[in-house]
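1. Provided below are the primary sequence and the corresponding predicted coordinates.
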There are 4 protein chains.
Amino acid sequence: MSGHDERQTLATRAAAAMWARDDAARHLGMELRAMAPGEASLAMKVAAFMLNGHEICHGGYIFTLADTAFAYACNWSGETTVAMHADINFLKPGRLGDELVATARHRAGEGRSGVYDVVVERGSDVLAVFRGLSRRTGGSFLGEDA
Amino acid sequence: MSGHDERQTLATRAAAAMWARDDAARHLGMELRAMAPGEASLAMKVAAFMLNGHEICHGGYIFTLADTAFAYACNWSGETTVAMHADINFLKPGRLGDELVATARHRAGEGRSGVYDVVVERGSDVLAVFRGLSRRTGGSFLGEDA
Amino acid sequence: MSGHDERQTLATRAAAAMWARDDAARHLGMELRAMAPGEASLAMKVAAFMLNGHEICHGGYIFTLADTAFAYACNWSGETTVAMHADINFLKPGRLGDELVATARHRAGEGRSGVYDVVVERGSDVLAVFRGLSRRTGGSFLGEDA
Amino acid sequence: MSGHDERQTLATRAAAAMWARDDAARHLGMELRAMAPGEASLAMKVAAFMLNGHEICHGGYIFTLADTAFAYACNWSGETTVAMHADINFLKPGRLGDELVATARHRAGEGRSGVYDVVVERGSDVLAVFRGLSRRTGGSFLGEDA
């Protein structure tokens, strides 16, 4: 296999391993749409239980979707990587029934720290932009025969 | 009533009005512990559905708890106020069954914009610190005879 | 003129008006390299007075370069716009004599608030990524016959 | 000496060692007002060369003052520590001649990462709040006989 193919294979395996134990993502009805080295895309529909006191989607769920895309993107190689810091700009509210898609991409950083940008969209409307700082903690979560 | 009492009464009314329609907070089993002018405290227990692929509490739920405390604190006067930006530092992981408490306090800002600091703790352990920027959008969500 | 040309003309006029009174940028030896609607690029050389106690470029100067590019980009139309919030990830240090280039681009946001991304590079090395939140305060700084 | 005294002595030594080579702080006319374990306070007067195109103090200089206080606070023990991330909320503008004081305090984080809060004030007016994330890189900048 070429280096490109090997990296994509690794990303696909890491996605499967994370998804298998990701109760949080499944509970929210998320769907993993795409996974590549340093990139991930997930979708989620705004459910009634996500509405806050202003009757819009609680910002926490928009963050959670973005943060999940970030987690998949930064763990793409199977090396355990955690979020140290994240920030989010809320631009437009989400409404009941909206399908939101979060797309995360590696932006900068080599070595143990990385910066990832995530955009949360409803169609072509940008609802939020998110930026996360990750840190590799060492060790792989992919078993040898996985 | 003194000015202090009137402000506290307003905060209590605003909390009740928000809580009554806050399906998101109730769905997560949050409990509103305290509410005062510019301040709010909420508790949440880490449930199994909140665990991510690393078997720790998904950062999105820690953010959601902090963001909820921020929302109550910045809406204390009944004037509709929304989150524009938030950032969070993740310091320690949350585990299944942990009781997390988020306490939000107004930090700075007069007029329409405000900065609020939130700390998320498990006992005396700080799991995360959060800072939010709010903006009043005009209008009150408290009815005249509420 | 086409709409595109008119927008570029406005950006060029705004850049000239800002630059004429921008003592801070000139004092730091900055050079305005490019200006377009929602975009700006500035260069700055790391001088001896910018070195901190670790003998690398003080992060404040890297921030200042990024913040300046942000300011030009978000004021491109001549409507007075200020920074409300900014955050920066420091990835690699700057050294004495390095030429740093900051490029700012509108990322999201319509109406009065905008999000701009800035990257600070030395050649193809990314030293820092910056994200700013702007707010239009009303009024234009371009005179009618400017 | 008590543990408290030893820590203060270390902070005082670290401050002196940093200040001796901090050309950036001196160039801006900063004054180190206080230094303690995890805390530092610096003052700076807004000079003409700090004014931007809106004739207010360039946000970059306010950031630089805050970032300097952060750097002193997080390097208090003499172990080399760098800024990984910082964010700032700009609340009120600084004017020519204003004396600004930045006070940094350790907020959370044990081990190699730390979160520091900085407030930039003019008298009792809060101009900006800043939050920084630091990382110890290993090694001490205090010589054995310093």
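-> Good, I have the coordinates.
2. any buried residues in the lowest-mean-pLDDT helix or strand in chain A, and which?
-> The weakest-scoring helix or strand in chain A, judged by mean pLDDT, DSSP states H and E, is helix A:23-27 (a mean of 90). By neighbour count on 16 or more other Cβ atoms under 10 Å in any protein chain shown, the buried set for helix A:23-27 is A:23-25. Where C-beta positions appear, they are placed from N, C-alpha and C, glycine not excepted.
3. where do the strands sit along chain A?
-> A:31-36, A:39-45, A:79-90, A:99-108, A:113-122, A:125-140 (DSSP state E).
4. give me the angle between the last one and strand A:113-122.
-> Taking axes from the mean of the first three to the mean of the last three Cα atoms, to 10 degrees, one finds that strand A:125-140 is oriented at 150 degrees with respect to strand A:113-122.
5. show me which residues of chain A are close to chain B?
-> With Cβ under 8 Å from any Cβ of the partner chain as the criterion, chain A meets chain B at residues A:17-25, A:27, A:48-55, A:58-61, A:63-65, A:67-68, A:71, A:75, A:80, A:82-90, A:141.
6. one more time with 7 Å, if that's ok
-> Taking Cβ under 7 Å from any Cβ of the partner chain as the contact definition, chain A meets chain B at A:18, A:21-24, A:27, A:48-55, A:58-61, A:63-64, A:67-68, A:71, A:80, A:83-90.
7. out of the residues you listed, which end up buried?
-> Buried residues within the residues of chain A next to chain B, counting neighbours by 16+ other Cβ under 10 Å: A:18, A:22-24, A:50-54, A:58-61, A:63-64, A:67-68, A:71, A:80, A:83-90.
8. so which of the residues you listed also contact chain C?
-> By Cβ under 7 Å from any Cβ, the members of these lying near chain C are A:87, A:89.
9. and residue A:58, what is it in contact with?
-> Going by Cβ atoms under 7 Å, 6 or more residues apart in numbering or on different chains, residue A:58 touches A:50-52, B:24, B:64.
10. can you give me phi and psi for it?
-> In terms of degrees, to the nearest 10, the main-chain angles of residue A:58 are phi -50, psi 130.
11. what helices or strands is the longest helix seen in chain A leaning on?
-> For chain A, the longest helix by residue count, based on DSSP state H, is helix A:3-20. Helices and strands touching helix A:3-20, as assessed by 3 or more Cβ pairs under 7 Å, 6 or more residues apart in numbering or on different chains; DSSP states H and E, comprise strand A:31-36.
12. tell me which residues are up against stretch A:130-141.
-> A:17, A:66, A:70, A:74, A:78-88, A:112-118, A:120, C:89, C:131, D:84-85.
13. contact residues of chain A facing chain D?
-> Residues of chain A lying close to chain D by Cβ under 7 Å from any Cβ are A:84-85, A:87, A:113, A:133.
14. in a markdown table: those, plus pLDDT.
-> Shown next, in a markdown table, are the residues of chain A next to chain D (pLDDT from 0 to 100):
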| residue | pLDDT |
| --- | --- |
| A:84 | 95 |
| A:85 | 97 |
| A:87 | 97 |
| A:113 | 93 |
| A:133 | 97 |
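15. let me know the closest of those to residue B:108.
-> residue A:87 (17.5 Å; Cβ to Cβ).
16. need the nearest residue in space to that closest one, chain neighbours excluded.
-> residue B:87 (3.5 Å; Cβ to Cβ, 6 or more residues apart in numbering or on different chains).
17. name the residues linked to that neighbour by a beta bridge.
-> Taking DSSP bridges as the rule, residue B:87 bridges to residue A:87, residue B:131.
18. quick check: it touching residue D:89?
-> No - the criterion here is Cβ atoms under 7 Å, and residue B:87 misses it with residue D:89 at 10.0 Å.
19. closest to chain C out of the buried residues of helix A:23-27?
-> residue A:25 (24.5 Å; Cβ to the nearest Cβ).
20. ok, now how distant is the nearest residue to that closest one once chain neighbours are set aside from residue A:17?
-> Spatial nearest neighbour of residue A:25, excluding adjacent residues (Cβ to Cβ, 6+ apart): residue A:68 at 5.5 Å. Using Cβ to Cβ, to the nearest Å, residue A:68 is found at 15 Å from residue A:17.
21. so who does the spatially most central residue of chain A touch?
-> With distances taken as Cα atoms, centre = their mean, residue A:69 lies nearest the centre of chain A, 0.7 Å away. The contact partners of residue A:69, by Cβ under 7 Å, 6+ apart, come to A:40-42, A:102-104, A:118.
22. among those, which one sits closest to chain D?
-> Once Cβ to the nearest Cβ is applied, the member of those that ends up nearest chain D is residue A:118, at 16.1 Å.
23. Provide the partner residues of the closest one in its beta bridges.
-> residue A:104, residue A:130.
24. thinking it is in contact with residue A:101, fair?
-> No - between residue A:118 and residue A:101 there is no contact under Cβ under 7 Å: 10.5 Å.
25. so where's chain A shaky on pLDDT?
-> Residues of chain A that meet the criterion pLDDT under 70 lie in A:1, A:144-146.
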